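A.B. asks: Fold the following and give me the result.
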Amino acid sequence: MPNHPPPPKIPRVDETLCQACGKCPARKVCKTKAIVAIDSGEPPFIDGNLCYGCLICVPACPWEAIVV
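C.D. replies: Coordinates of the predicted model:
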């Protein structure tokens, strides 16, 4: 059986902590634009099809609302 690497850990937005920043710092650092905001004033979500699990967004959120 081939030895495959484990799947990436895809973070998620904790809606109870998210402040729905107008200029979300985590969205700015995401290289794949996986953090998607549909409506302003609403928490974004992380698109698992775009996210490759680098987790750079986790420390970028000042509200600690992005969790693994």
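A.B. asks: Find me the pLDDT at Ala65, would you?
C.D. replies: The predicted structure scores Ala65 at 97 on the pLDDT scale.
A.B. asks: So what's the residue count around it?
C.D. replies: Number of residues near Ala65 (other C-beta atoms under 10 Å) recorded here: 23. Bear in mind the C-beta positions are built from the backbone N, C-alpha and C, glycine included.
A.B. asks: again, but for Ala20
C.D. replies: With neighbours defined by other C-beta under 10 Å, the count for Ala20 comes to 16.
A.B. asks: Over to Cys30?
C.D. replies: 22.
A.B. asks: Without its sequence neighbours, what residue ends up closest to it?
C.D. replies: Cys57 (5.4 Å; C-beta to C-beta, 6 or more residues apart in numbering).
A.B. asks: got it, and Pro44?
C.D. replies: Residue nearest to Pro44 in three dimensions, not counting chain neighbours: Ala37, with 4.0 Å by C-beta to C-beta, 6+ apart.
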